[in-house]
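Pasted the sequence and its predicted model underneath.
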There are 2 protein chains.
Amino acid sequence: MVQKTPGNAPKAASRGRGRPRAFEPETALAQAMDVFWSDGFAATSLDDISAATGLNRPSLYGAFGDKRALYLQAYGQYRKRMNESFAPLFTAREPLRTKLKRILTAALDLYLSGPEGPRGCFTVLSAASEAIADPDLHGLVGEAIHGTDRAFGRMFANAREAGELPKDADPRRLAHMASATIHTLSIRARARIPRAEILPIIDDAVVTICGPESG
Amino acid sequence: MVQKTPGNAPKAASRGRGRPRAFEPETALAQAMDVFWSDGFAATSLDDISAATGLNRPSLYGAFGDKRALYLQAYGQYRKRMNESFAPLFTAREPLRTKLKRILTAALDLYLSGPEGPRGCFTVLSAASEAIADPDLHGLVGEAIHGTDRAFGRMFANAREAGELPKDADPRRLAHMASATIHTLSIRARARIPRAEILPIIDDAVVTICGPESG
DNA sequence: CAATTTTTGTACTCTTTCGCATATAATGTT
DNA sequence: AACATTATATGCGAAAGAGTACAAAAATTG
């Protein structure tokens, strides 16, 4: 987990004139993200992050600023990565029912993963954190929630045009139910409810949103 | 918020022989609950609770044990209070559609309330907390989630018997969607999304679960 | 009224944590 | 080669926080 090998210096042409960084900010941010994601803002100390990244605190301050700034950047990277990894699932050319199930299952498996047990969704954790009182954070979290709503909404609107949903289906309503499913999956995963008990909820959501199988 | 008046000693016949408590444990627990609910486990110090209850730390330790034990008891009281206040809504004799909407709206307004801004659902916050690694806590949280599932499940089963839902409706599936709605309401409330933007989700859930109004 | 029991309040220790000061190292510039 | 510039490493200082020791206070019991 720690980057200590001197070989991984930034590959970009060295920009400044001083001593070059011995680490890649992106990597350090990903490592910080892991800790925040597991333990939350308040329960994570800068020493924890220092240990996870192999950087000492002054380097962290130099690169990212204080703990709050670091959290915001780590969460920003999380959002970017989620967008990147889920975008293809949303635009895949595949029957709606299959596609929705695939998205929800991918989300669940992500939420169940983690070095120290199920982590849930970082957006949900951030909302639950006391740090949500920070306007910058609840701005980002609000964007993330609305972004998920919109991604599902577009998917259902396209499906309706393609005749996979009734003409009078309301994409926004279905998107809200899909987002709600994402949220309940995250909470149940984080609460240590076993995968086998959570899986049926995915099928329930697919049936609720897309209608019964043979319909 | 603080109980300092000497008049509120426990009314129960004094049980022991030593100096009597100058506070009611139930009240202190409710005050501790408020702080944990707003700020979470890690970000709440015993000094915060001491300030909120008016008790000093040794009294807290004497009455409730350490911070973890205090959290578990505060969360236990939360669950008890929620069960008490929501039970009548679940068993009310009322059309299903109205009843579901009333329950979801009551939940949302609870989640939007709080001395320092929207607090969300304490169960969801506990699940998101790093303290969820504690087996006692994730046991309680799991029970709470399943309890909500079961309460909705019973309600939908009764509604089906009463002809308010199609004969082939699956109460458990509908319960999962209702619980998911509860969870998304909590997250959105906590994320500072305005009430007016969240309210439509309640109608979406009612339509999704009970069918279109005139159907 | 003295002895016992339990709670309360003050103060203490030990640890953790944040943020920074300062010195050293590694690079580019002249 | 000397200088400027930026990064790293050690470690300091101040504050917060958890848990407890101990003495004073308030009740019951004999």
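That came through fine. Numbering: from 1, shown residues only, chains lettered A, B, ... in the order given.

From here on, just use CA atoms for contacts and neighbour counts.
Noted.

Rounded mean pLDDT for stretch A:72-91, please.
Stretch A:72-91 carries an average pLDDT of 97.

same thing with stretch A:147-158?
98.

How about stretch A:165-174?
97.

Repeat that for stretch A:129-140.
Rounded mean pLDDT across stretch A:129-140 is 95.

That stretch and chain B, are they touching?
Yes: residues of stretch A:129-140 are located near chain B by C-alpha under 8 Å from any C-alpha of the partner chain, namely A:129-130, A:132, A:138.

List only those of these flagged as buried.
The neighbour count (16 or more other C-alpha atoms under 10 Å in any protein chain shown) marks A:129-130, A:132, A:138 as buried among these.

Out of the residues you listed, which is nearest to residue B:19?
Of all these, residue B:19 sits closest to residue A:130, with 38.0 Å by C-alpha to C-alpha.

can you map out the helices along chain A?
Applying DSSP state H to chain A gives helices spanning A:25-39, A:46-53, A:57-64, A:67-91, A:96-112, A:122-128, A:135-161, A:171-190, A:195-210.

Taking helix A:57-64 as reference, get the angle to the fourth one.
Read that as helix A:67-91. 50 degrees (axes from the mean of the first three to the mean of the last three C-alpha atoms, to 10 degrees).

Now do helix A:67-91: which elements does it pack against?
helix A:25-39, helix A:96-112, helix A:122-128, helix A:135-161 (3 or more C-alpha pairs under 8 Å, 6 or more residues apart in numbering or on different chains; DSSP states H and E).

And for the shortest one?
Where contact means 3+ C-alpha pairs under 8 Å, 6+ apart, helix A:122-128 is packed against helix A:67-91, helix A:135-161, helix B:122-128, helix B:171-190.

Enumerate the residues of chain A near DNA strand D.
Applying C-alpha under 7 Å from any atom of the strand, one finds that chain A approaches DNA strand D through A:16-23, A:55-59, A:62-63.

switch the cut-off to 6 Å
Neighbours of DNA strand D within chain A, by C-alpha under 6 Å from any atom of the strand: A:16-23, A:55-56, A:58-59.

What parts of chain A come near DNA strand C?
Residues of chain A lying near DNA strand C (C-alpha under 6 Å from any atom of the strand): A:17-20, A:44-47, A:57-58, A:66-67.

ok, residue A:44 to residue B:45 distance?
15 Å (C-alpha to C-alpha, to the nearest Å).

for residue A:130, that is, sorry about that
13 Å.

residues near the closest residue to residue A:91 other than its chain neighbours, how many?
Residue nearest to residue A:91 in three dimensions, not counting chain neighbours: residue A:155, with 7.5 Å by C-alpha to C-alpha, 6 or more residues apart in numbering or on different chains. Other residues near residue A:155 come to 19 when the count uses other C-alpha atoms under 10 Å in any protein chain shown.

ok, back up a step: are any of the residues of chain A next to DNA strand D buried, and if so which?
Listed as buried from the residues of chain A next to DNA strand D are A:22-23, A:55; burial here means 16+ other C-alpha under 10 Å.

from chain A, which residue is nearest to DNA strand D?
residue A:18 (3.1 Å; C-alpha to the nearest atom of the strand).

got the contact list for that residue?
Residue A:18 sits next to no residue when contact means C-alpha atoms under 8 Å, 6 or more residues apart in numbering or on different chains.

Next: residue A:164.
Per C-alpha under 8 Å, 6+ apart, neighbours of residue A:164: A:95-96.

hmm, which two among the residues of chain A next to DNA strand C are most spread apart?
Using C-alpha to C-alpha, the two most remote members of the residues of chain A next to DNA strand C are A:17 and A:44, lying 33.9 Å apart.

quick one: stretch A:198-209 to chain centroid distance?
21 Å (C-alpha atoms, centre = their mean, to the nearest Å).

Would you mind putting the CA coordinates of that stretch into CSV?
Output in CSV follows, covering the C-alpha atoms of stretch A:198-209 (Å, rounded to 0.1, in the frame of the first residue of the first chain):
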residue,chain,number,x,y,z
ILE,A,198,-28.9,-8.3,0.1
LEU,A,199,-28.9,-9.9,-3.4
PRO,A,200,-32.7,-10.4,-3.5
ILE,A,201,-33.2,-6.7,-3.2
ILE,A,202,-31.6,-6.2,-6.5
ASP,A,203,-34.1,-8.6,-8.1
ASP,A,204,-36.9,-6.8,-6.3
ALA,A,205,-35.8,-3.5,-7.7
VAL,A,206,-35.5,-4.8,-11.2
VAL,A,207,-39.0,-6.2,-11.1
THR,A,208,-40.4,-3.1,-9.5
ILE,A,209,-38.8,-0.8,-12.1
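
got a list of contacts for it?
Outside of stretch A:198-209, the residues within contact range by C-alpha under 8 Å, 6+ apart are A:97, A:100-101, A:104-105, A:174, A:177-178, A:181, A:185, A:188-189, A:213, B:173-174, B:176-177, B:208.

ok, 6 Å please
By C-alpha atoms under 6 Å, 6 or more residues apart in numbering or on different chains, the surrounding residues in contact with stretch A:198-209 are residue B:173.

Which positions in that stretch come out as buried?
So, applying 16+ other C-alpha under 10 Å, buried residues of stretch A:198-209: A:198, A:201-209.

Give me every residue in chain A lying close to chain B.
A:39, A:42-43, A:125, A:127-128, A:130, A:138, A:173, A:180-181, A:183-184, A:190-191, A:204 (C-alpha under 6 Å from any C-alpha of the partner chain).
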